[in-house]
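Trainee: Sharing a sequence plus its predicted fold:
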Amino acid sequence: MVLTRPTERVSFSVCSFEGNTALFFRRMEVSCRLYVRMAESPPGRQEKGGQWSTDLPSCFSLFMLARCLFALPRQLLQAHSSACAVTQRATMDLSKVVSSLDEFAALSLAESWDNVGLLVEPSPPHTVRTLFLTNDLTEDVMGEALAQRADLILAYHPPIFRPLKRVTWRTWKERLVVQALENRVAIYSPHTVYDALPNGVNKWLAKGLGVCSTEPIQLSTASAYPSLGSHRIEFSVHQSQDLDGILSSVWKIQGISVSTLPVRCDGEERTRVCLNTTQQALPEVMALLSQNGLTHRVEIIPLQKPPLPNTGMGRLCQLKEPVSIATVVERIKNHLKLNHVRLALGSGKTLDSVLKTAAVCAGSGGSVLQGIEADLYLTGEMSHHDVLDAVAKGTSVVLCEHSNTERGFLSELKEMLTARFHKQLKVIVSSVDKDPLQVL
Ligand SMILES: [Zn+2]
């Protein structure tokens, strides 16, 4: 028997993992939650159960066990409850937590190749008490999450990236999914969504340079066009032409909107037609205009999704006070809590050379930083040849290993999410999660 933290409304649960059955009892007035584990429970479940355990013989009837538990004096339960020194905490349904996370950072900010959002979902309803944050969800980290009784893991890197063709015990990625579902743990991944946020991973990384102004290297755009369609078509119609006939034909095409206004052009009264169309409807609109002899006067303007201020990939930083490369390297090591980083000095530069601008990109920065004019590149990893290109043009490069340029953001994220969920959820940052590479 395992007695765990008191909650506001959950009484106790009785589970048999061997028989794949579960009985779940609720009593509003009882403030203790009991997990009962049968003797042969699989590894992993024991930790999720709680703090004390006593194996019961597997032949013990679950039904009888449940009845016995109901018969336990409330005082006994409350006595056990008070021994569990865990703060009382409300709960949230997973769907509400996910909606709130999606509002906190819109998934439309993700790069097109990414795989973000809710990746693993236990059958509903799924109650979340503990939100567990990690940069990478390894099997060691999963073990820690289960020991911490996580109900939802927010893994910055998506544990499922390439499509899974099977879910077996064969590969570690598959095992993560199996363990998550067997233990009723959901997995959510934000990845490049959090890179793009105004106060996201890249902004956090840029703080390591010192006081500086920052702007995204690649601006994110809104998820939708501000008006219908992806193109605007404009043309003018003479008074002598059959405007009503043209418009009545235009209106029959799906996916367009039309507005008209009178204009005076070359001393002649005309009607200017402004027509928004989708990419799909564009050929049909052009065919119609061609039939009416209008194509030679048509302007086609591709519409753009509005850029989002302070939002996007990487950051270009202007330091308020120019400093030496040596000073910036020390600042970076302090910010990332690292004893070592790798430095490639730009051509003609020394540690005493002064720098004013830096381009940063959390994780793997090769593609985002390519061609950016800056005194310094700061990222987790870059290819040998990308480093050579940077050095040749006088740009110094600091590499810190991939996840070392991301992980520290989780501490800020913990504060943000704790406030967002009004302390309804217990938010934990993994202590096992670490970059796989180390300097000896
Ligand atoms: Zn990364």
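Mentor: Here it is on my side, so go on.

Trainee: okay, now the domains of the protein?
Mentor: As assigned by automatic domain parsing, the chain contains the domains 2-83, 92-193+410-429, 197-221+310-405, 231-302.

Trainee: where's the second one relative to the chain centroid, distance-wise?
Mentor: Put plainly, it is domain 92-193+410-429. Chain-centre distance of domain 92-193+410-429: 9 Å, with Cα atoms, centre = their mean, to the nearest Å.

Trainee: what's stretch 408-421 in contact with?
Mentor: Contact partners of stretch 408-421, identified using Cβ atoms under 8 Å, 6 or more residues apart in numbering, comprise 92, 97, 100, 104, 131, 133-135, 154, 156, 194, 199-201, 204-205, 335-337, 362, 425, 427-430. Where C-beta positions appear, they are placed from N, C-alpha and C, glycine not excepted.

Trainee: From the residues you listed, keep the buried residues only.
Mentor: Using 16 or more other Cβ atoms under 10 Å as the burial test, the contacts of stretch 408-421 include 92, 97, 104, 131, 133-135, 154, 156, 194, 200-201, 204-205, 335-336, 362, 425, 427-428, 430 as buried.

Trainee: With the flanking residues excluded, which residue is spatially nearest to residue 227?
Mentor: residue 276 (5.7 Å; Cβ to Cβ, 6 or more residues apart in numbering).

Trainee: just to revisit the earlier point, list the ones among the buried ones among the contacts of stretch 408-421 that fall in helices.
Mentor: Members of those lying in helices (criterion: DSSP state H): 97, 104, 194, 201, 204, 205, 335, 336.

Trainee: which residues does the fourth one contact?
Mentor: Taking Cβ under 8 Å, 6+ apart as the definition of contact, the neighbours of residue 201 are 156, 194, 195, 362, 406, 409.

Trainee: Recalculate using a threshold of 10 Å.
Mentor: By Cβ atoms under 10 Å, 6 or more residues apart in numbering, residue 201 lies in contact with 135, 156, 190-195, 315, 360-363, 405-410, 412-413.

Trainee: Of the residues you listed, grab the buried ones for PyMOL.
Mentor: Typed into PyMOL, the line below selects the buried ones among the contacts of residue 201, using 16+ other Cβ under 10 Å:
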select buried, resi 135+156+190+191+192+193+194+195+315+360+361+362+363+405+406+407+408+409+410+413
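
Trainee: Among the contacts of residue 201, which lie within strands?
Mentor: The strands, defined by DSSP state E, take in 315, 360, 361, 362, 363 from the contacts of residue 201.

Trainee: any idea which of these is the one closest to residue 380?
Mentor: The shortest approach to residue 380 among those belongs to residue 363, at 5.0 Å (Cβ to Cβ).

Trainee: Now that closest one: closest residue in space that isn't a chain neighbour?
Mentor: residue 380 (5.0 Å).

Trainee: about what we covered before: least reliable of the domains of the chain by average pLDDT, please.
Mentor: Lowest mean pLDDT within the domains of the chain: domain 2-83, a mean of 38.

Trainee: so is residue 323 in a helix, a strand, or just coil?
Mentor: At residue 323 the chain is in strand, as set by DSSP: H, G, I helix; E, B strand; the rest coil.

Trainee: Next one: it relative to residue 368, how far apart?
Mentor: Here the criterion is Cβ to Cβ, to the nearest Å. By it, residue 323 lies 23 Å from residue 368.

Trainee: What residues does the residue nearest the centre of the chain make contact with?
Mentor: By Cα atoms, centre = their mean, the chain has its centre lying nearest to residue 190, at 1.0 Å. Residue 190 sits next to 101-102, 104-105, 107, 109-110, 114, 116-117, 154-158, 196-197, 200-201, 413 when contact means Cβ under 10 Å, 6+ apart.

Trainee: one step back: dump the ones in helices among the buried ones among the contacts of stretch 408-421 to a markdown table, plus distance to residue 172.
Mentor: Shown next, in a markdown table, are those (distance: Cβ to Cβ, whole Å):
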| residue | distance to residue 172 |
| --- | --- |
| 97 | 26 |
| 104 | 29 |
| 194 | 24 |
| 201 | 24 |
| 204 | 28 |
| 205 | 28 |
| 335 | 31 |
| 336 | 27 |
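
Trainee: wait, which of the residues you listed is closest to residue 184?
Mentor: residue 97 (14.1 Å).

Trainee: Pop out the phi and psi values for the nearest residue to the closest one once chain neighbours are set aside.
Mentor: Spatial nearest neighbour of residue 97, excluding adjacent residues (Cβ to Cβ, 6+ apart): residue 128 at 4.9 Å. The phi and psi values for residue 128, taken as degrees, to the nearest 10, are phi -110, psi 120.
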